[in-house]
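**Student:** Give me coordinates for this.
(chains A and B)
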Amino acid sequence: MFTPASMKLTRNAAIAFAFTLLFGMTGCVSVAPWERGNLAKPQMDIDPHPLQTEMQSHNYSSREAAPSHKSSAGGGGCGCY
Amino acid sequence: MQQNKRPQCQGSKQGYTHPETHSVKSSSHTLQALTSAALMLPGLLISPAHAAGTDRINFQYSRYQEGERNLYGVPQSYKPISADVLHGSGIFSLTDRAKFTFGYTQDTWSGATPVSTTPLATSGGNRPYTVNGVVVGASPILNSQILLDHDLNPIGRDPITKQSTGVVDTRSVLVMSSASPETRRQANFGLSYEWNEAALNVGGGFSRERDYHSSFGSIGGRLDFNQKLTSVKFGGGYTDSQVSAILDPDSSPYITKTAYAQQIVNRRGSEILKGDRQDWVANTGLTQILSKNALIDASIGYTHSSGFLENPYKATSVIFIDPAKLNDNLIIGDVRALIEQRPNIRNQVALSTKYVHYISPFNAAMHLGYRLSVDDWGVNTHTFDASWVQPLGGGWTLTPRVRYYSQDSASFYRPYLFSQQNYRNQEVDSFGRQVWIDRKNPTVQYYGSDLSNLVDQNGSAVDGFSVDAQPKLTLFDAGKLPAHFSSDHRLAGFGSLSGGVVLSKILGKGVALEAGFEYYTRASSMQIGGGNNSFADFDYYVANAAIKFDIEPDASMPITTSSGSFTAHTHSSLHHHKIPPATVMFGHMLDKPGDFMAGYRFMYQWTGGNMMHGAHKVSDQAIVDQGCGNKDCQFTPQFMDMRMHMVDLMYAPTKWLNVMLMPTFMDMDMNLRQLAGARVDASGAHSHHGAAGHESGAVGDTYFSSLIKLLDIPGHRVHVNLGFSAPTGKTDIKIRRSFNADGGLIHFGMQLGSGTWDFTPSLTYLGEYNRWSWGTQISGIKRMEDRNQSGYRLGDMFQATSWGGLDLARWLTASVRGVYTWQDAIHRDFNQYNARIGPMDFPRNYGGQFWDMGFGVNAQIPGGRFAGNRLGIEWVQPIRSDFNGYQLNRQGMLSATWSYQF
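**Tutor:** Residues are numbered from 1 along each chain as shown, chains lettered A, B, ... in the order given. As a prediction, this is how the structure comes out:
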């Protein structure tokens, strides 16, 4: 059973994880701007096909119970079918 | 811009210390500085949040199509769910750093949807019906009986004959209902501002359906650290939604709604279930460049929802069992459908990670993602997805993608419930006597064990038969049911696997095409750990196509000075000829070979007000008597709105020939009212409209044409258009089957296309002199087929129009226009069932002669960031109408166009 207490624990653990990532990685990476040619390519965009992503997430969220894939934007309507 | 030294393993602070102190000493440093300067240009240096670089407009159409659900051999009378989605969005720079974004999405869906789940062994569920002795479909029967053995195992019935098989059958089945088309519209807006190492964005919007309104707002930002190797993102949002679910008049009498009695109101004969919900979202994330070929993105999000979180159209089957019969060998269960009850609070936490790696040998990128979410309803989910973005050269990119998803079921999900009590009991008073009420006077109560043995309040004997006493019934004790229950299959445990491809092609001139396809299959057995509700398995596919226009501000153009003087501008777009008012189609040509124009046209047409016969208002009684041939009319339209979205694509292969392609998207809504004096149809067919009305919307007909220049001398131009329209719009849209009657095809005017190949020629003359411009056009539509697939064809049309325009400024033209239109009535008739309930269902009540005036303005943005964009808007006001037969009056039409020449 999923209790509020265990939920809080999960949340704290997740936040701790995020901060570990943040401070763990920022220190030791060195990629100079002139070495970022590959990273700047369109295929390396975090979301290379935003129109597709938007549409897929609308379909998933009307058929699945996970929270909406969109980060903080609202909308999407009822999806009551 | 800071100078970039080669970083050591350094903290983010160090990276920023005294960059100015490093003077550029050697040429290699100069080269580095230049390179880095170049890379810092927008769009080149990776900015992890990826604010889109260029101004852009996108149009996308997609179609969602579900497969049939498993009804165990029972024929399905409803088509599976499909949805047509039109999406338009854009991003515009307001200044170097500020951008404005907007989006519009419209989806229309229809088809079969599960209303509840029952054991397959009930006497109801999907009950087959026959036409001419053949089983052709099934009606949803929500309340039924079930035979149970001593251990409450269902005794099976044949799904078609409903005869008992005598053996235990524990399978469940979805009870399918259907809906007429319904449309959702969503608009959203956003503003963003970029600093060198930070960004902030705010956004908001709303989504509207007949039964669901929501408004939302969000704020978010990004901070870059460590020479943009690290970005931190954060955001928050709030959505407020109002539910006013229109309960299906066919099934509502059979659904138990007592838990929501306080929330149900009656409006125009329909029961509306009202509720509010709020959703709060907060998230934060991090994007980190790991190497020159890899980056990772991680985020955590929290969603808090409260209020009415139910799906008001989903019911749960509860099998009521008489506690006195529990020890029998064969128990009859009373199956009832109750609107589902979910907790009114939900907390969800989602953790997402994404890893992107550049694969040098292929010049490709591999994207790997994982997402975990947990919530206090017990729905824990895992999502894995992987895609491979492969540029192929020549502007082509191919992206295959695969995704796996698994969720646990909500703690309160049950396919159906048992409750050891009667659905209804006769009330018993404090003396243990059964209570009866007087049917003629329900406030009077009697007491006793049967009709021949009753007493009234004073203890005097009463003859139960002569007073027509009946048992006073009370419903089950809701306290004995679980507090929360739902059998919505979205809350069940399941897994799903989907895969697809995206193909995109950059055409040059700032135009890109994109097409995507995805197939999705859901199976209970694919849940991590396995599931046991395979009756809800289904699949769907989605296909979509998009066109994207990059609007590069013309660098050669002088930016508008604050004085706004026109004389400073020499941009070629100002040398374009005047374009005709917004409603006129095929009205101008491109001048130079190789020119390309993209545009968008929107038309909104209102009909409403009085019903007309010829040129005159007509009474309800006259419509009842004469509007529907030799039948009586029962209904008449109250209003009908039609909206058309059209994408204009125009290309000039030579100076004298232009080709055009115009896909359209239509949507309409219509409300009917009962005619005063209409005799009620004994069959009850189609008298169910209430507040629901009708909507339809999807792809309309597609126009393509060639424009040929006949004359081009200074001040005078003539061109002819030889165009065709392809019947891509549907003409077989149906009204949903109501409980005991087929809905049939929807009214002619609500079908989305002509259904025939049509010839659409026109001849246009344009003139201009100084500030004055004028023009005239004659056009027609000739249907080239005798009938469409539904058996009829729309009437031919002829139109003549002339206009005059005056430049109010060099960039702004006002116009006045006169229009005459003749349209023939519809020929032939539907070859399938149509309910024939009102004048809109009769072919001769279409067409007529119409006179209109148009008032419009055209603007051509002369300078600044939006230079070269053209906008037009026109209001078309009906002046006189002479309708064929009986029709709803015309109220006017608004046209708006945007176009941009590349």
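
**Student:** Next secondary structure after the helix or strand bottoming out on mean pLDDT in chain A?
**Tutor:** Here the helix or strand of chain A ranked lowest by mean pLDDT, DSSP states H and E is helix A:4-26, holding a mean of 55. Note on helix A:4-26: by DSSP states H and E, the next helix or strand toward the C-terminus is helix A:50-63.

**Student:** CA atoms of stretch B:500-512 as PDB?
**Tutor:** The C-alpha atoms that make up stretch B:500-512 are tabulated as PDB, following Å, rounded to 0.1, in the frame of the first residue of the first chain:
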ATOM      1  CA  GLY B 500       6.700   4.000 -35.000                       C
ATOM      2  CA  VAL B 501       8.700   6.100 -37.400                       C
ATOM      3  CA  VAL B 502       8.900   9.800 -38.200                       C
ATOM      4  CA  LEU B 503      10.100  10.900 -41.600                       C
ATOM      5  CA  SER B 504      11.000  14.500 -42.200                       C
ATOM      6  CA  LYS B 505      12.200  16.300 -45.200                       C
ATOM      7  CA  ILE B 506      13.500  19.900 -45.500                       C
ATOM      8  CA  LEU B 507      12.400  21.300 -48.800                       C
ATOM      9  CA  GLY B 508      14.500  24.400 -48.700                       C
ATOM     10  CA  LYS B 509      13.100  27.900 -48.800                       C
ATOM     11  CA  GLY B 510      12.200  27.400 -45.100                       C
ATOM     12  CA  VAL B 511       9.600  24.700 -45.700                       C
ATOM     13  CA  ALA B 512       9.800  21.300 -44.000                       C
END
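
**Student:** Give me the contact list for it.
**Tutor:** Among residues not part of stretch B:500-512, those counted as contacts by Cβ atoms under 8 Å, 6 or more residues apart in numbering or on different chains are A:49, A:52, B:394-401, B:513-519, B:542, B:547-552, B:596, B:598, B:902. In this view, the C-beta of every residue, glycine as well, is placed from N, C-alpha and C.

**Student:** for the chain, what are the low-confidence residue spans?
**Tutor:** With no chain named, the answer covers chain A. Across chain A, the stretches falling below the confidence threshold (pLDDT under 70) are A:1-29, A:69-81.

**Student:** should've been chain B
**Tutor:** Residues of chain B meeting the criterion pLDDT under 70: B:1-53, B:268, B:509, B:552-576, B:680-693, B:737-741.

**Student:** The one helix or strand residue B:297 maps to packs against which elements?
**Tutor:** In this assignment (DSSP H and E), residue B:297 forms part of strand B:294-307. Helices and strands in packing contact with strand B:294-307 are listed as helix A:4-26, strand B:270-291, strand B:345-359; criterion 3 or more Cβ pairs under 8 Å, 6 or more residues apart in numbering or on different chains; DSSP states H and E.

**Student:** Parallel or antiparallel, which strands does the following helix or strand past the shortest one pair with?
**Tutor:** Which is strand B:345-359. On the C-terminal side of strand B:345-359, the nearest following helix or strand under DSSP H and E is strand B:364-375. Taking DSSP bridges as the criterion, strand B:364-375 sits next to strand B:345-359 (antiparallel), strand B:381-393 (antiparallel) in its sheet.

**Student:** Pick the most buried one from the ones you listed.
**Tutor:** Among the strands paired with strand B:364-375, the stretch with the highest mean neighbour count (mean count of other Cβ atoms under 10 Å in any protein chain shown) is strand B:345-359, at a mean of 20.

**Student:** Can you name the residue of chain B that approaches chain A most closely?
**Tutor:** Nearest residue of chain B to chain A: residue B:216, at 2.4 Å (Cβ to the nearest Cβ).

**Student:** Quick check: that residue touching residue B:240?
**Tutor:** Yes. In this structure residue B:216 lies within contact range of residue B:240 using Cβ atoms under 8 Å: 7.4 Å.

**Student:** out of those two, which sits in the more crowded spot?
**Tutor:** residue B:216 (23 against 16; other Cβ atoms under 10 Å in any protein chain shown).

**Student:** That one: helix or strand, and which one exactly?
**Tutor:** Taking DSSP H and E as the definition, one finds residue B:216 inside strand B:212-225.

**Student:** buried residues in that strand?
**Tutor:** Burial within strand B:212-225, assessed by neighbour count using 16 or more other Cβ atoms under 10 Å in any protein chain shown, is assigned to B:212, B:213, B:214, B:215, B:216, B:217, B:218, B:220, B:221, B:222, B:224, B:225.

**Student:** With stretch B:241-250 instead?
**Tutor:** The neighbour-count criterion (16+ other Cβ under 10 Å) identifies B:241, B:243, B:244, B:245, B:246, B:247, B:248, B:249, B:250 as the buried residues of stretch B:241-250.

**Student:** Pretty sure the fourth one sits against residue B:270.
**Tutor:** Spelled out, that is residue B:245. No. Counting by Cβ under 8 Å, residue B:245 does not reach residue B:270; the two are 10.1 Å apart.
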